[in-house]
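>>> turn this into a structure:
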Amino acid sequence: MMHEKQRGEFRIQLQKRARRMSEMKCDTLETERDLQEKHILFLEELCRELGGGEEQIANCKPR
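A predicted model of the protein is given here:
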């Protein structure tokens, strides 16, 4: 009986750890996405400053 309870508690600990790791991974991916979006906006602004047209900038975006 005690062994089953310990095993159940251990499984709960593993599930909690997996959830925390998944949340950390999501946070990391969101941060990375935000940084990439800022980088894209920076590059678009740089292109405008160097004389690039809106059509040229739009053609560089992935479809």
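
>>> report the longest helix in this structure, please.
Of all segments of type helix in the chain, defined using DSSP state H, the longest is helix 2-49.

>>> and the helix or strand that that helix is followed by, how far out from the chain's middle?
Sequence order places helix 54-60 as the next helix or strand after helix 2-49, per DSSP states H and E. When distances are taken as C-alpha atoms, centre = their mean, to the nearest Å, helix 54-60 is centred 26 Å away from the chain's centroid.

>>> heads up, I number from 185, so please use that
Happy to do that; since the first residue is 185 now, the last one works out to helix 238-244.

>>> so what touches helix 238-244?
Applying C-beta atoms under 8 Å, 6 or more residues apart in numbering, the contact partners of helix 238-244 are Glu228, Cys231, Arg232. Where C-beta positions appear, they are placed from N, C-alpha and C, glycine not excepted.

>>> show me the shaky parts of this protein.
185, 246-247 (pLDDT under 70).

>>> swap in 80 and give it another go.
185-186, 245-247 (pLDDT under 80).

>>> list the buried residues of stretch 219-235.
Within stretch 219-235, the residues that qualify as buried are Glu228, counting by 16 or more other C-beta atoms under 10 Å.

>>> what's the closest of the contacts of helix 238-244 to Arg217?
Taking C-beta to C-beta as the measure, Arg217 sits nearest to Glu228 out of the contacts of helix 238-244, at 16.6 Å.

>>> could you report the neighbour count for the nearest residue to that closest one once chain neighbours are set aside?
Nearest residue to Glu228 in three dimensions, chain neighbours excluded: Ile241, at 5.4 Å (C-beta to C-beta, 6 or more residues apart in numbering). Each residue near Ile241 was counted by other C-beta atoms under 10 Å, and the total is 14.

>>> so how far is Lys189 from Ile241?
Noted for Ile241: a distance of 62 Å to Lys189, by C-beta to C-beta, to the nearest Å.

>>> how far does the longest helix of the chain sit from the chain's center?
On C-alpha atoms, centre = their mean, the centre of helix 186-233 falls 6 Å from the chain's centre.

>>> mind giving me the packing neighbours of it?
Packed against helix 186-233 by the contact rule (3 or more C-beta pairs under 8 Å, 6 or more residues apart in numbering; DSSP states H and E) you find helix 238-244.
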